[in-house]
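[1] Quick check, what structure comes out for this input:
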Amino acid sequence: MAKSSIKIRAKVTGDVAKVKCLISHPMETGLRKDKKTGKLIPAHFIQEVNCEHDGKNVMNAQWNGTISKNPFLSFEFTGAKPGDSIKISWVDNTGKSDSTEAKMK
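    Numbers count the residues shown, from 1 in each chain. Okay, the predicted model is just below:
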């Protein structure tokens, strides 16, 4: 199985979960030129990020080319317990995608 492009840390305090994610992705805007050729580098960025907690969607983000390379995402939601499952997934403008799951601590 290939290594995931997403690293997750999720910690529960009370019933509030704090989720932190680091996503490895080039996030090209399509406006930058290649220094060697002078041609534009094609756009390649994450368009949508989703988070599911035990199968229920708790966060959805619509992104564009303005997000930086290797984006960091942090958010909180309520109703979580230690040991619960959390899944993060993304889809980019070229149709590529990735997802990973982790357990709440």
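
[2] now the helix or strand where Ile86 lies: mean pLDDT?
    Of the helices and strands defined by DSSP states H and E, Ile86 is found in strand 85-92. Averaging pLDDT along strand 85-92 yields 96.

[3] who's in contact with that strand?
    Residues from elsewhere that reach strand 85-92 (CB atoms under 8 Å, 6 or more residues apart in numbering): 6, 8, 10, 17, 19, 21, 23, 25, 44-55, 80, 97-104. (Glycine included, C-beta is placed from N, CA and C.)

[4] Poorly predicted segments of this structure, please.
    Flagging of the chain using pLDDT under 70 yields the residue ranges 1-2.

[5] still on that earlier bit, figure out how far the strand holding Ile86 is from the centre of its chain.
    Computed by CA atoms, centre = their mean, to the nearest Å, the chain-centroid distance of strand 85-92 equals 6 Å.

[6] go on, stretch 29-38?
    Stretch 29-38 sits 25 Å away from the centroid of its parent chain (CA atoms, centre = their mean).

[7] before we move on, what about stretch 54-61?
    The answer for stretch 54-61 is 12 Å, by CA atoms, centre = their mean.
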